[in-house]
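J.: how would this look folded up:
(one chain, ligands or ions: 1)
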Amino acid sequence: MGNFGRRLFLAGGSAAAGIGIGRWVLPASSSKGPAYPKFDSFAAAKGKILNDASQLEPTQIEKQVLINSDVDTVFIHRVRALLIEAREKKIPLMASTARHTMGGHSLPENGTALSLSQGSVKADPASKTYRVAAGTRWQTVIKELDRIGFSPVVMQSNNDFGVASTFSVNAHGWPAPCSPAGSTVRSLKMMIPDGTIQTCSRTQNVEFFRHAMGGYGLFGIILELELDMVANSRLEPKYEPMPGKDVGQALAEALKSGPTIQMAYGRLDVSLDRFFQQGMLITYRPTADQNNLPPAAGSSLISHVSRQIFRNQLESDFGKRVRWWTETSLGPELVGESTRNSLLNEPVITLDDNDPSRTDILQEYFVPPDRFPEFVTACQEVIPASYQQLLNVTVRYVDTDKDSVLAYAPEPRIASVMLFSQEMTERGEADMAWMTRRLIERVLAIGGSYYLPYRPHASVDQLKRAYPKAVEFAAFKRQIDKDMIFRNHFWDRYFAKL
Ligand SMILES: Cc1cc2nc3c(=O)[nH]c(=O)nc-3n(C[C@H](O)[C@H](O)[C@H](O)COP(=O)(O)OP(=O)(O)OC[C@H]3O[C@@H](n4cnc5c(N)ncnc54)[C@H](O)[C@@H]3O)c2cc1C
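T.: This next block holds a predicted model:
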């Protein structure tokens with residue numbers, strides 16, 4: 001199917017973003033308002049500054065250590081030495097890979113940032129599992145599994161992220177119907193605060209396993225993981241337009257009654273004059289012919305063309321309408337069959353905005369399927385009242401999370417992944433914080449929750465209400481890491497206060 005077989009607009013929901021990949025140094029202040037105050041003070045600070053994908057978290061660190069070797073004795077020795085050093089110097093240590101979390105979750109202030117960038121994947125087709133070094137990115141996993149006819153079970157909609165990171169945020173994706181990614185991890189090896197390496201799973205060191213899944217690096221450094229894999233397959237899409245408020249329930253119903261659906265997502269129209277009124281459900285099923293699957297493709301020409309249409313939405317309702325028309329009318333004509341691996345193999349960079357005065361910020365909300373219409377109403381009342389530019393919403397189904405302590409889907413949930421383009425100014429940040437807290441309040445009122453890896457705008461009280469086991473989570477952390485070696489902004493801003 002070639003290029004047209006790929007997703008239009010990174011349809012899986014990649015909410016993808018023009019985020020500051022690899023940009024450590026802060027961009028110049030915006031011409032549209034006063035600079036976000038942190039920028040100047042940090043730019044003047046001595047020492048190394050590390051940022052995350054939000055570009056709003058410049059953080060002074062003591063040092064960054066990059067390791068790209070396989071998990072061997074030298075690797076383990078190096079990681080342990082960093083841990084011992086952190087304890088002796090009383091500085092924090094935090095592991096990360098792509099630093100695409102957006103609230104300093106990967107950043108240890110005045111501490112050691114361990115950046116893992118590995119590439120080891122060892123598959124065992126007999127048990128349908130594979131072992132992977134913690135800092136291996138999904139693009140490497142897809143490449144290796146594709147060669148032997150397999151595919152990841154659950155991953156995010158982009159391939160740049162690290163596998164241990166995915167476990168540490170307990171990410172979800174658009175393969176369906178699936179629980180969050182932690183459910184596909186059988187076991188892992190983790191260096192815990194006392195420097196020993198422990199195997200953690202549903203039967204060994206269970207509490208470490210449950211806390212580290214969605215535990216944002218606070219319980220140890222994951223060294224390697226063992227995950228489930230499924231057969232790769234050729235899939236074809238089906239498009240169903242419908243009112244926006246119906247998308248969540250229609251998605252849940254489609255997955256209940258259509259067991260062959262392998263991937264699924266919904267979309268909502270973000271044009272301001274008909275905000276969330278129209279929607280579209282897209283489901284992917286296996287084709288009759290499953291022979292001779294082509295190798296997993298990378299980002300296609302059509303994805304790059306989509307970028308321009310996507311970015312033209314900024315501050316333009318006409319642009320938003322064009323995008324919606326292209327996706328709902330042109331998309332079904334152009335987008336054909338594709339393999340599961342090709343659909344998953346999309347880098348974040350495809351939709352880069354190339355605009356130093358703005359940053360792309362993600363948010364995600366999870367609500368019970370039958371409360372989705374109320375969620376749509378809440379969004380209609382809250383988001384257009386802000387100054388934020390919402391460029392994309394992708395709707396997904398997340399099945400029950402039976403393992404993690406900080407579960408955002410204690411029962412099946414409809415996830416709405418939103419991509420905003422935010423002005424990098426004080427007013428942009430203040431307005432986003434105001435809008436986010438209002439929306440979280442509305443979501444909590446209908447039994448929902450919000451996703452933790454993004455900007456830290458929720459209040460501590462909102463976090464506690466969204467994650468009822470937050471206090472238990474903090475208590476376990478204090479018990480196993482008395483010296484507070486594994487620390488990041490996320491801990492300092494929230495759990496340190498519980
Ligand atoms: C464009 C974009 C699209 C996204 N799409 C999705 C999506 O589809 N679904 C979804 O659920 N989320 C999504 N996210 C959120 C994303 O899943 C998280 O931000 C994820 O952490 C990114 O991986 P990373 O390698 O950048 O993580 P990092 O930011 O590098 O790390 C994330 C966390 O994991 C910890 N960690 C990393 N490695 C280790 C290790 N070896 N041991 C212990 N702790 C470790 C870090 O300390 C940090 O707390 C998206 C984010 C962006 C920016």
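J.: who's sitting farthest from the centroid in this protein?
T.: Distance from the centre of the chain peaks at residue 88, with 33.6 Å (CA atoms, centre = their mean).
J.: so who does residue 369 touch?
T.: With contact set as CB atoms under 8 Å, 6 or more residues apart in numbering, residue 369 has these partners: 248-249, 251-252, 397, 412-414. Heads up, the C-betas are built off the backbone N, CA and C, glycines and all.
J.: now it, nearest residue through space, not along the chain?
T.: Leaving aside its sequence neighbours, residue 369 sits nearest to residue 252 (CB to CB, 6 or more residues apart in numbering; 3.9 Å).
J.: Doesn't the one you found lie inside a helix?
T.: Yes: Residue 252: assigned to a helix according to DSSP: H, G, I helix; E, B strand; the rest coil.
J.: these two touch, right, it and residue 412?
T.: Yes: with contact defined as CB atoms under 8 Å, residue 252 counts as touching residue 412 (6.7 Å).
J.: Just give me the neighbour total for residue 336.
T.: Residue 336: 14 surrounding residues under other CB atoms under 10 Å.
J.: What parts of the stretch 301-450 of the chain come near the ligand?
T.: The stretch 301-450 of the chain has residues 348, 362 near the ligand, with proximity defined as CB under 6 Å from any ligand atom.
J.: Now with 8 Å, please.
T.: Residues of the stretch 301-450 of the chain found near the ligand (CB under 8 Å from any ligand atom) are 348, 360, 362, 364, 396, 415, 417, 419.
J.: per-residue pLDDT, the third one?
T.: The predicted local confidence for residue 362 comes out at a pLDDT of 97.
J.: Just list whatever residues bridge to it.
T.: Residue 362 has these beta-bridge partners by DSSP bridges: residue 419.
J.: Verify the stated contact: it with residue 419.
T.: Yes: using CB under 8 Å, residue 362 is in contact with residue 419, at 5.7 Å.
J.: What about the residue in the stretch 251-400 of the chain positioned nearest to the ligand, how many residues nearby?
T.: Nearest residue of the stretch 251-400 of the chain to the ligand: residue 348, at 4.6 Å (CB to the nearest ligand atom). Neighbours of residue 348 under the rule other CB under 10 Å: 25.
J.: That one touches residue 156, doesn't it?
T.: No: with contact defined as CB under 8 Å, residue 348 does not reach residue 156; the gap is 9.4 Å.
J.: how close does residue 208 get to the ligand?
T.: From residue 208 across to the ligand, the span is 11 Å (CB to the nearest ligand atom, to the nearest Å).
J.: Look at that residue and report its pLDDT.
T.: pLDDT, the model's per-residue confidence, is 98 for residue 208.
J.: now it, nearest residue through space, not along the chain?
T.: residue 200 (4.5 Å).
J.: hmm, back to that, in ChimeraX, select just the buried ones from the residues of the stretch 301-450 of the chain next to the ligand.
T.: In ChimeraX, this line selects whichever of these come out buried by 16 or more other CB atoms under 10 Å:
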select :348,360,362,364,396,415,417,419
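J.: quick one: which of the residues of the stretch 301-450 of the chain next to the ligand sit in strands?
T.: Using DSSP state E, the members of those that fall in strands are 360, 362, 364, 396, 415, 417, 419.
J.: who touches the fifth one in this structure?
T.: It refers to residue 415. Counted by CB under 8 Å, 6+ apart, residue 415 has contacts 172, 364-366, 395-398, 409, 451.
J.: where's the nearest residue to it once chain neighbours are set aside relative to residue 373, distance?
T.: Leaving aside its chain neighbours, residue 415 sits nearest to residue 396 (4.4 Å; criterion: CB to CB, 6+ apart). Using CB to CB, to the nearest Å, residue 396 is found at 17 Å from residue 373.
J.: Surely residue 315 is in a strand?
T.: No: per three-state DSSP, residue 315 lies outside any strand segment and is coil.
J.: Without its sequence neighbours, what residue ends up closest to residue 390?
T.: Excluding the flanking residues, the one nearest residue 390 by CB to CB, 6+ apart is residue 270, at 5.0 Å.
J.: you'd agree the one you found is up against residue 394?
T.: No: under the criterion of CB under 8 Å, residue 270 is not in contact with residue 394, lying 11.1 Å apart.
J.: can you give me the strands for the stretch 251-400 of the chain?
T.: For the stretch 251-400 of the chain, the strands defined by DSSP state E, counting those that start in this stretch cover 263-268, 278-286, 338-339, 358-367, 389-398.
J.: Could you tell me the angle between the longest helix along the chain and strand 358-367?
T.: Ranked by number of residues, the top helix in the chain under DSSP state H is helix 426-445. Taking axes from the mean of the first three to the mean of the last three CA atoms, to 10 degrees, one finds helix 426-445 and strand 358-367 inclined to each other by 10 degrees.
J.: Tell me which residues of helix 426-445 come out buried.
T.: Of all the residues in helix 426-445, those buried under the rule 16+ other CB under 10 Å are 426, 428-429, 431-432, 434-436, 438-440, 442-444.
J.: Can you list the strands that the next helix or strand after it pairs with?
T.: Later in the chain than helix 426-445, the nearest helix or strand by DSSP states H and E is strand 449-450. Applying DSSP bridges to the sheet, strand 449-450 is found paired with strand 358-367 (antiparallel).
J.: distance between the strand it pairs with and the chain's centre?
T.: Between the centre of strand 358-367 and the centre of its chain there are 10 Å (CA atoms, centre = their mean, to the nearest Å).
J.: before we move on, the earlier item: with neighbour numbers in mind, choose between residue 252 and residue 412.
T.: Neighbour totals were compared for residue 252 and residue 412, and residue 252 leads with 21 against 18 (other CB under 10 Å).
J.: Tell me who's in contact with that one.
T.: Counting by CB under 8 Å, 6+ apart, residue 252 has contacts 369, 397, 412, 414.
J.: bridging residues for the second one?
T.: If I follow you right, that is residue 397. Under the criterion used (DSSP bridges), residue 397 bridges to residue 414.
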